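1. build me a structure from this.
(one chain, ligands or ions: 1)
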Amino acid sequence: MKRTTLTTLAVALLFSLQAQIQIKPLPQGGYEQRIRNYIDNMRIVDTHEHLEAQAGWMKSGKLDFMLLLQHYTYDDIRSAGMPKQAFNKLLTDSLTVMEKWTAIKPYWEATSNTAYSRAALLTADKLFGVKDLNGKTVEELSAKIKNAYQTDWYNHVLIEKCGIDYVVTDSDNHNLGDPGMFKYVKRFGEFIFAVSAEKIGIVAKQQNTPIKTLDDFVTALGVAFHKAMDKDNVAVKIGTAYERTLFFEDVSKERAEAVFNKIMSLPAGTVLSYNGSEIKPLQDYMVHRILDLAKATNTPVQIHTGLQAGDGNYIENSNPTLLANLFLKYRDVRFILFHGGYPFGGQYGSLAKNFRNVYLDMCWLYIISPSYSERYLHEWLETVPASKIMAFGGDFRNVENIYGHLLFAKQVVTKVLTEKVRDGYFTEAEAVKIAQMILHDNAIRILKLDQR
Ligand SMILES: [Zn+2]
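-> Just a heads-up that it's a prediction; the model follows:
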């Protein structure tokens with residue numbers, strides 16, 4: 001083949017690889033930089049964390065390089081074979097920093113390829129100026145972390161470094177600071193995992209009221225719900241995909257009552273399996289009652305879908321399509337599906353497209369896989385109204401990793417929007433507007449943050 005033909009073919013191939021649907025005129029030069037600058041400097045709403053107070057980290061054994069590996073790189077290190085017992089020793093003061101490094105080194109080397117580990121490396125670099133994690137750097141990094149916690153570190157990282165306006169945290173400890181910035185979500189696990197008369201007795205004691213019947217139990221749920229929503233809680237969280245299927249059948253009161261009565265008549269010390277089929281009708285019934293309350297109070301409901309952290313779980317339990325009956329029955333409840341539904345991205349997007357009451361939340365997703373995040377954000381921006389996508393939640397317990405995760409998120413969102421502008425799918429102005437929506441404004445509106 002002639003050289004010119006080859007060149008023509010190569011150019012044609014390049015264009016076909018880049019071809020998106022072109023709707024808008026192609027952008028003016030410099031758009032990449034302008035979109036990047038906008039996203040780098042904009043304010044952020046962080047829709048999901050498990051943040052623990054700064055003072056909590058200052059206890060012994062916690063402030064060293066291991067902080068940056070918590071809590072997701074931990075999972076990969078254990079997935080790479082480090083025994084749990086050996087790993088747990090690394091979280092105490094019983095070893096020096098160098099001893100910890102020596103113990104973890106082979107597992108770190110086996111797993112430093114994953115995005116969890118890459119996020120830790122990026123955090124070490126961008127927040128502490130430490131370029132790698134190795135035997136020569138772990139002591140320096142550990143000392144820098146310790147020193148940072150002597151300062152107003154949380155506010156520095158969250159407000160100045162991350163530019164975060166609100167942090168929504170999944171925790172019962174409302175102790176993070178400024179209530180104007182820190183908001184919380186509430187789980188009602190004690191009502192879903194009531195596996196024994198003793199457990200139900202604890203709820204009765206907390207509320208100082210006898211619970212003898214299912215009606216009493218539902219009344220107690222209502223009391224707990226209203227009490228929680230009077231505080232700084234902005235949503236309900238359902239995290240049950242770790243324990244059981246996301247299919248919550250609309251069971252009759254009689255079926256739920258039979259399970260409840262059985263639990264109440266169990267001999268002391270006996271429990272029903274909290275993820276077994278025997279308790280499922282009662283669990284399903286109580287989740288429906290939580291949704292009744294969410295509907296009555298216009299409270300959004302966040303649901304864990306997709307990958308479960310840690311080791312050993314059933315991914316099929318977390319398939320978001322299992323929730324469709326709830327979306328149909330509770331048309332006025334806002335359902336926020338977490339974690340990009342990894343790895344069910346196509347089904348996940350189709351749910352938000354199909355149901356007006358379903359919203360997408362990409363929390364945790366960028367560090368599970370940046371390329372999945374990129375691929376599906378491209379797709380979701382073609383399939384789902386942009387007003388229904390929330391594109392950042394760090395899903396961490398400490399601020400350092402939130403910062404590293406946010407850097408991942410900003411890179412992915414910038415890349416996707418830049419490519420959509422490059423191809424003429426969006427104009428530059430549309431791309432910037434969408435960044436503002438998915439990283440900030442949507443969460444404010446959906447979680448009603450500015451009204452509180
Ligand atoms: Zn989480």
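
2. for the rest of this, base every contact and every neighbour count on C-alpha atoms.
-> Fine.

3. phi, psi of V358?
-> phi -110, psi 130 (degrees, to the nearest 10).

4. now Q302
-> Backbone torsions of Q302, given as degrees, to the nearest 10, read phi -90, psi 130.

5. same check on G30?
-> Residue torsions, per degrees, to the nearest 10, at G30 are phi 90, psi 0.

6. so who does it touch?
-> Not one residue lies near G30 by CA atoms under 8 Å, 6 or more residues apart in numbering.

7. next secondary structure after the lowest-mean-pLDDT helix or strand in the chain?
-> Across the helices and strands of the chain, mean pLDDT, DSSP states H and E gives its lowest value to helix 3-18, namely a mean of 54. As assigned by DSSP states H and E, the chain's next helix or strand after helix 3-18 is helix 31-41.

8. alpha carbons of that next one, as CSV, please.
-> Provided in CSV are the C-alpha atoms of helix 31-41 (Å, rounded to 0.1, in the frame of the first residue of the first chain):
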residue,chain,number,x,y,z
TYR,A,31,-11.3,25.2,26.3
GLU,A,32,-9.5,22.3,28.0
GLN,A,33,-7.7,24.6,30.3
ARG,A,34,-10.8,26.8,31.0
ILE,A,35,-12.9,23.7,31.9
ARG,A,36,-10.1,22.4,34.1
ASN,A,37,-9.7,25.8,35.9
TYR,A,38,-13.4,26.0,36.5
ILE,A,39,-13.6,22.6,38.1
ASP,A,40,-10.4,23.0,40.1
ASN,A,41,-11.7,26.2,41.6
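
9. what helix or strand does the nearest residue to L133 once chain neighbours are set aside sit in?
-> The shortest distance from L133 to any non-neighbouring residue, by CA to CA, 6 or more residues apart in numbering, is to L121 (6.9 Å). Assessed by DSSP H and E, L121 sits inside helix 115-128.

10. for the residue nearest to L133, what are its contacts?
-> Counting by CA under 8 Å, 6+ apart, L121 touches 131-133.

11. ok, back up a step: flag every buried residue along the helix holding L121.
-> Using 16 or more other CA atoms under 10 Å as the test for burial, helix 115-128 gives 115-125, 127-128.

12. now render these as TSV, adding distance to V45.
-> Below are those laid out as TSV (distance: CA to CA, whole Å):
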residue	distance to V45
A115	22
Y116	22
S117	24
R118	23
A119	20
A120	22
L121	24
L122	21
T123	20
A124	23
D125	24
L127	20
F128	24
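
13. circling back: compare the contacts of L121 and tell me which is most surrounded.
-> L133 (20 neighbours; other CA atoms under 10 Å).

14. how much space separates that residue from M66?
-> L133 sits 10 Å away from M66, going by CA to CA, to the nearest Å.

15. what helix or strand is F248 on?
-> Per DSSP H and E, there is no helix or strand for F248.

16. excluding sequence neighbours, find me the nearest residue to it.
-> D284 (4.8 Å).

17. so when I look at the one you found, I'm seeing a helix, right?
-> Yes - counting by DSSP: H, G, I helix; E, B strand; the rest coil, D284 is located in a helix.

18. in stretch 289-308, what counts as buried?
-> Neighbour count says stretch 289-308 has 289-291, 293-295, 299-308 buried, by 16+ other CA under 10 Å.

19. returning to that earlier point: contacting residues for the residue nearest to F248?
-> 248-251.

20. G239: neighbouring residues, count only.
-> For G239, using other CA under 10 Å, the count is 19.

21. which residues touch the spatially closest residue to it that is not a sequence neighbour?
-> Counting by CA to CA, 6+ apart, G239 lies nearest to H304, which is 5.1 Å off, once chain neighbours are set aside. By CA under 8 Å, 6+ apart, the residues touching H304 are 237-241, 318, 337-339.

22. from the chain's centroid, how far away is the particular helix or strand that has S142 in it?
-> S142 belongs to helix 138-148 when assigned by DSSP H and E. Here the centre of helix 138-148 is set off from its chain's centre by 27 Å, with CA atoms, centre = their mean, to the nearest Å.

23. do stretch 129-147 as well
-> Going by CA atoms, centre = their mean, the spacing between the C-alpha centre of stretch 129-147 and its chain's C-alpha centre is 27 Å.

24. what are the buried residues along it?
-> Quick answer for stretch 129-147 (16+ other CA under 10 Å): 130, 133, 138-139, 141-142, 144-146.

25. now do stretch 74-89
-> Buried, per 16+ other CA under 10 Å, within stretch 74-89: 74-79, 82, 87.

26. can I get the contacts of D284 in TSV with neighbour count?
-> Compiled in TSV, those are given as follows (neighbours: other CA atoms under 10 Å):
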residue	neighbour count
F248	20
E249	18
D250	14
V251	16
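
27. closest to D395 among those?
-> F248 (25.0 Å; CA to CA).

28. gap between the residue nearest to L133 and Y31?
-> Where Y31 is concerned, L121 sits at a distance of 29 Å (CA to CA).

29. got it, and D216?
-> Between D216 and Y31 the computed distance is 61 Å (CA to CA).

30. quick one: contacts for the closest residue to I438 other than its chain neighbours?
-> Nearest residue to I438, sequence neighbours excluded (CA to CA, 6+ apart): M390, at 4.7 Å. By CA under 8 Å, 6+ apart, the contact list for M390 reads 47, 359-362, 437-440, 442-443.
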